[in-house]
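In: Would you be able to build a 3D model of this:
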Amino acid sequence: MKLISVNCGLPREVECHGHRVTTSIYKEPVEGRVALRKLNLDGDRQSDLKVHGGEHKAVYCYPAQHYAYWKEELPERDLPLGIFGENFTIEDGPDEASAYIGDRFSVGTAEVVVTQPRLPCYKLGIRFGADEMVKWFLASGKTGFYVAVAREGEVGAGDAIALLGREQESISVSEITRLYIAKEHGDEDRRMMEKARELSNLPDSWKQWLWERANRRKV
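Out: Predicted coordinates:
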């Protein structure tokens, strides 16, 4: 497993349907070593802290193998590294099905922990110039995942990534996403939701949502 690109970006104003909005989705690869801190990388900032950033979303990771899929889906589009808004582009590493909540990885001199799926917002549509991109991205299942910083350090393109440990009885990122987008949930889904709520590295906001969905009853 290897980190092939570290991508950073600062907030900028762009036009969206006649309105000015601030976004940090425009990430570009950076050279050399970069300090990874509890809330983000040096040279990277989140714009809307109500839905982005924070210790559970310090770094957004995206598997490099997904780029081949998107090149087929969007043949007319240039896809430079970082275009999906990711901070880490990862080669030969975990995808959504093989990354589990609580997985702990070393990268450079830092350590990170998988916390949650990425749920795209309308700003991904801004980046691609297509509102439909948000729906396509979520439906593809190729959405990447967020990590928290367990130990600050320095990272850079070419760094090896190594799995250090996994939370017992954990659940994959893809399964959490599936539970989120499902319109209906059966008994097995509800059992999975209860299990997810026991995961120490899943943010409380997700646990609250899972509790509400697991206890929802049809009217």
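
In: For Glu169, give me its contacts.
Out: By Cβ atoms under 8 Å, 6 or more residues apart in numbering, Glu169 lies in contact with Lys195, Glu198. Heads up, the C-betas are built off the backbone N, CA and C, glycines and all.

In: got a list of what the most centrally placed residue in the chain touches?
Out: The centroid of the chain falls nearest to Phe145 when counting by Cα atoms, centre = their mean (2.8 Å). Taking Cβ under 8 Å, 6+ apart, we find Phe145 in contact with Tyr60, Cys61, Glu96, Ala99, Val114, Thr115, Gln116, Pro117, Arg118, Val173.

In: domains in this structure, as residue ranges please.
Out: Following automatic domain parsing, one gets these domains for the chain: 2-170, 175-214.

In: Report the spatially nearest residue to the residue nearest to the centre of the chain, omitting neighbours in sequence.
Out: Once flanking residues are discounted, Phe145 sits nearest to Val173: 4.6 Å by Cβ to Cβ, 6 or more residues apart in numbering.

In: Now do that neighbour: how many residues are near it, please.
Out: 28 (other Cβ atoms under 10 Å).

In: what's the spacing between it and Tyr100?
Out: Per Cβ to Cβ, to the nearest Å, Val173 is found 7 Å from Tyr100.

In: do the same with Gln65
Out: Going from Gln65 to Tyr100 by Cβ to Cβ gives 18 Å.

In: So which of these two has more stuff around it?
Out: A direct count of neighbours by other Cβ under 10 Å for Gln65 and Tyr100 places Tyr100 higher, at 22 against 13.

In: partners of the more buried one in the sheet?
Out: Tyr100 has these beta-bridge partners by DSSP bridges: Ser172.

In: ok, back up a step: could the domains of the chain go into a markdown table alongside mean pLDDT?
Out: Shown next, in a markdown table, are those (pLDDT from 0 to 100):
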| stretch | mean pLDDT |
| --- | --- |
| domain 2-170 | 94 |
| domain 175-214 | 91 |
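
In: tell me the most buried of those domains?
Out: domain 2-170 (a mean of 18; mean count of other Cβ atoms under 10 Å).

In: sorry, back to before: now do the shared contacts for Val173 and Tyr100.
Out: Val114.

In: residues in contact with stretch 3-22?
Out: Under Cβ under 8 Å, 6+ apart, the answer for stretch 3-22 is 23-30, 34, 41-48, 64, 81-82, 86-91, 107-108, 122-123, 126, 155-161.

In: Give the helix, strand or coil label for Tyr62.
Out: Put simply, Tyr62 is strand when judged by DSSP: H, G, I helix; E, B strand; the rest coil.

In: That one is in contact with Ile83, isn't it?
Out: No. Counting by Cβ atoms under 8 Å, Tyr62 sits too far from Ile83 to count as a contact (9.3 Å).

In: Check for me that Ile83 belongs to a helix.
Out: No. Ile83 is assigned coil when assessed by three-state DSSP, not a helix.
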